[in-house]
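Chemist: Give me a model of this one.
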Amino acid sequence: MTVPEGLAWLPAAIWVYLLAFRGRFWLPSVRLGPARDLERWPSVAVIVPARNEAGILASTMPSLATQDYPGRVGVFLVDDCSDDTTAAVAAAAAAGRPVPLTVVTGADRPTGWVGKTWALDQGVAAASDMDPDYLLFTDADIHHPPDSLRRLVSEAVTTGRDLVSLMARLRTATGWERLIVPAFVYFFSQLYPFRAIARRRSRTAGAAGGCILVRAAALRRAGGIAAIAGAVIDDVALGRAVKRAGGSTWLGYADDVASLRPYPALSDLWDMVARSAYTQLRYSPLALAGTVAGLAVVYLGPLVVVVAGAVAADPLVIGAGAAAEVLLTASYLPMIRYYRLPPAWALTLPAAAALYGAMTVDSARRHRRGRGAAWKGRTYARDPA
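Modeler: As a prediction, the model looks like this:
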């Protein structure tokens, strides 16, 4: 075997490692079980940070206000300095429903806080009179089935978890959403394998911000929301804070908890990724270079190897590239099935990886120009966390 032929097997070797030793990240099988009966159902405060969400709350707020939960529950929506009718729409959507809604008028954001964490902190403070056992942090665009809270709390209580989070199903209605969204979840689970998050002795920690149930006492031990005040990637930061404080965490794939937020154009999805990608790399140019190179080798390399082997008429090189291509496509099929897309969409993973590489480079460019993580009219130049 020549040196070029040996190098041709590098992508396939990487894929063997990823599939065998990366916590089965490619299998979206970590799910909540059915709710179990509890002798006592703990009290829960649902905290919803909302900034300019009037267009979506009419569809999502009723799902929270009609939760079939046996214990005491209240919803606290924090109107984060919206310039639309967010508060009025939320109040109207919850009117006459079984679960009471309290609308909190958000105060100006202090220095050192990002908008969402500041809104969450105000929601926690507003719910303090209720003295809840648990807090459910959920986004304004998330729709919950009637048994959502019951299942989350049941999982936390019966398994002794301090934090239970669900990766909400994102929309895949448009072509761009089908290309980007399953890959987004796939890459997230590769970075933060869900099974590793659940292991108490593992250092891997994380959560998905659309749906996080946390024990109030565990949040206090972790330093409260103030411990993640400046975190742009607040969900992962919260999971880390709880786990570092000795808490037990769990993250799974949602069945019916779903985001209704549309991302109709590539630019919408691009902004969603680019606002935090460079933050994920801790603003390191070296990590950026390594990430782009890694994406190229792992996801684009197999096809390049096949083409190079065909040009050189070398069957061994062609076989090396084909083996890697089969492995990467097979690893993506379970996620494609999870999103109920035709199997042929698994072939789009290299294209999605190329786009994610470009988005990550653009994220770094934005930070260099001082634009940072721009979201809902606010820009955070750097995440001190």
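
Chemist: number of nearby residues for Leu333?
Modeler: Residues within reach of Leu333, counting by other C-beta atoms under 10 Å, total 15. To be clear about C-beta, it is placed using only N, CA and C from the backbone, and glycine gets the same treatment.

Chemist: quick one: what helix or strand has it in it?
Modeler: If you go by DSSP states H and E, Leu333 is part of helix 315-338.

Chemist: Show me what counts as buried in that helix.
Modeler: 317-325, 327-329, 331-332, 334-336, 338 (16 or more other C-beta atoms under 10 Å).

Chemist: Same check on stretch 63-72?
Modeler: For stretch 63-72, a neighbour-count test (16+ other C-beta under 10 Å) marks Ser63, Leu64, Ala65, Gln67, Tyr69, Gly71, Arg72 as buried.

Chemist: Check the first one and give its pLDDT.
Modeler: I take that to be Ser63. Residue-level confidence at Ser63 comes out at 98, pLDDT.

Chemist: Is it in a helix, a strand, or coil?
Modeler: Assigned with DSSP: H, G, I helix; E, B strand; the rest coil, Ser63 falls in the helix class.

Chemist: and after the helix holding Leu333, which helix or strand comes next?
Modeler: helix 349-368.

Chemist: Next, the angle from that next one to helix 315-338.
Modeler: Orientation check (axes from the mean of the first three to the mean of the last three C-alpha atoms, to 10 degrees): helix 349-368 against helix 315-338 gives 80 degrees.

Chemist: who touches helix 349-368?
Modeler: 179-180, 182-183, 186-187, 270, 273-279, 281, 283, 285, 288, 291-292, 295-296, 298-300, 302-303, 328-329, 332, 372, 374, 381-382 (C-beta atoms under 8 Å, 6 or more residues apart in numbering).

Chemist: circling back to that earlier point, the helix holding Leu333 packs against which elements?
Modeler: When contacts are defined as 3 or more C-beta pairs under 8 Å, 6 or more residues apart in numbering; DSSP states H and E, helix 315-338 sits against helix 3-8, helix 10-21, helix 175-191, helix 301-312, helix 349-368.

Chemist: Only the buried residues of the first one, if you could.
Modeler: By neighbour count, and taking 16+ other C-beta under 10 Å as the criterion, the buried residues in helix 3-8 are Ala8.

Chemist: got it, and the third one?
Modeler: Taking 16+ other C-beta under 10 Å as the basis for neighbour counts, the residues of helix 175-191 that come out buried are 176-189.

Chemist: Taking these, tell me the two that lie furthest apart.
Modeler: Spatial extent of the buried residues of helix 175-191 (C-beta to C-beta) is set by the pair Trp176 and Ser189 at 20.7 Å.

Chemist: related to what we said a few turns ago, which of the helices and strands packed on helix 315-338 sits closest to Ala107?
Modeler: Distance to Ala107, taken as C-beta to C-beta, is lowest for helix 349-368 among these, at 27.7 Å.

Chemist: From the chain's centroid, how far away is the closest one?
Modeler: Relative to its chain's centre, helix 349-368 lies at 17 Å (C-alpha atoms, centre = their mean, to the nearest Å).

Chemist: With just CA atoms, put that helix into CSV.
Modeler: Written as CSV, here are the backbone C-alpha positions of helix 349-368 (Å, rounded to 0.1, in the frame of the first residue of the first chain):
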residue,chain,number,x,y,z
LEU,A,349,-25.0,15.7,4.8
PRO,A,350,-21.7,16.8,3.0
ALA,A,351,-23.5,19.8,1.5
ALA,A,352,-24.9,20.7,5.0
ALA,A,353,-21.4,20.3,6.5
ALA,A,354,-20.0,22.7,3.8
LEU,A,355,-22.7,25.3,4.7
TYR,A,356,-21.9,24.9,8.4
GLY,A,357,-18.3,25.5,7.7
ALA,A,358,-19.1,28.7,5.8
MET,A,359,-21.5,29.8,8.6
THR,A,360,-18.8,29.2,11.2
VAL,A,361,-16.3,31.3,9.2
ASP,A,362,-18.9,34.0,8.9
SER,A,363,-19.5,33.9,12.6
ALA,A,364,-15.9,34.6,13.2
ARG,A,365,-15.9,37.4,10.7
ARG,A,366,-18.9,39.0,12.4
HIS,A,367,-17.1,38.9,15.8
ARG,A,368,-14.0,40.4,14.3
